[in-house]
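K.L.:
Here is my input; please provide its structure:
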Amino acid sequence: MFTGLVEEVGKVREIKKSSKGAKLKVECKNVLEGTKTGDSIAVNGVCLTVVELGENFLSFDISYETLRRSSLSLIKPGSPVNLERALKLGDRLGGHILQGHVDTTTKITAIKREGEGYTFTFKLPKAYTHLVVEKGSIGIDGISLTIADIFPDSFTVSVIPHTFEKTNLKFKKPGDAINLEFDIIGKYVEKMLKEKIFLFK
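P.N.:
Take a look at the predicted model:
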């Protein structure tokens with residue numbers, strides 16, 4: 001379980017892909033504190049298990065399914081990645097509940113400077129339009145953000161200077177792919193409503 005408050009932007013040191021998945025090594029510092037083998041770390045919003053750690057790196061195994069469903073298939077050595085350790089009981093939930101289970105990917109269509117912050121526009125995948133709510137929360141590359149506006153085929157989020165500087169958003173440009181995780185509460189409500197409709201047919 002994560003909150004979407006990025007702790008550190010790491011850098012991909014190595015990624016080795018195969019037909020079965022991939023092995024990923026990420027340079028980092030802050031998230032190493034208190035971390036041990038077997039712990040969960042959100043990497044660009046994807047929950048991965050630490051399989052090895054060193055003085056300045058973490059290593060992960062990535063399944064084929066995760067590569068298929070997320071933008072981790074596109075990263076390469078040198079790519080900046082958002083990192084967050086799993087939530088501990090008793091911690092403040094400053095963002096919103098994220099599982100690290102990416103629903104889909106999409107692309108940035110525009111980035112506009114607005115005052116001291118930025119407005120990012122993303123393409124809205126048609127299959128997920130019902131899960132996007134104005135002023136609702138959304139996970140973008142593991143960052144907890146608030147939806148500002150919704151359009152037929154896109155949505156926007158406002159990014160404050162702190163979030164821009166402390167995440168990989170400062171490296172992004174239009175056309176780049178990002179991971180999306182929709183609100184888990186909305187997904188459960190959708191599931192229950194579908195089951196109820198089915199039962200009463």
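K.L.:
Can you pull out the low-pLDDT segments for the protein?
P.N.:
196-201 (pLDDT under 70).
K.L.:
what bridges to the closest residue to Asn168 other than its chain neighbours?
P.N.:
Once flanking residues are discounted, Asn168 sits nearest to Pro80: 4.3 Å by C-beta to C-beta, 6 or more residues apart in numbering. To be clear about C-beta, it is placed using only N, CA and C from the backbone, and glycine gets the same treatment. As for beta bridges, Pro80 partners with Lys11 under DSSP bridges.
K.L.:
What count of nearby residues applies to Pro80?
P.N.:
19 (other C-beta atoms under 10 Å).
K.L.:
Next, the contact list for it, please.
P.N.:
Val9, Gly10, Lys11, Val12, Asn168, Phe171 (C-beta atoms under 8 Å, 6 or more residues apart in numbering).
K.L.:
Which parts of the chain are strands?
P.N.:
Along the chain, the stretches classed as strands by DSSP state E are 8-18, 21-27, 40-43, 46-53, 57-63, 80-85, 104-114, 117-123, 137-140, 143-151, 154-159, 177-182.
K.L.:
Have a look at the protein and report its longest helix.
P.N.:
Secondary structure of the chain per DSSP state H: the longest helix is helix 184-199.
K.L.:
And that one, what's buried?
P.N.:
By 16 or more other C-beta atoms under 10 Å, the buried positions in helix 184-199 come out as Ile184, Gly186, Lys187.
K.L.:
Let's have those in JSON lines, adding distance to Gly38.
P.N.:
Listed next are those as JSON lines, based on distance: C-beta to C-beta, whole Å:
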{"residue": "Ile184", "distance to Gly38": "23"}
{"residue": "Gly186", "distance to Gly38": "30"}
{"residue": "Lys187", "distance to Gly38": "27"}
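K.L.:
Name the nearest residue to Ile62, ignoring sequence neighbours.
P.N.:
Ala22 (4.3 Å).
K.L.:
If you could redo that for Ser158, that was the one I meant.
P.N.:
Ala148 is the one closest to Ser158 (C-beta to C-beta, 6+ apart), at 4.9 Å.
K.L.:
Make sure that neighbour is actually in contact with Thr156.
P.N.:
Yes: using C-beta atoms under 8 Å, Ala148 is in contact with Thr156, at 4.7 Å.
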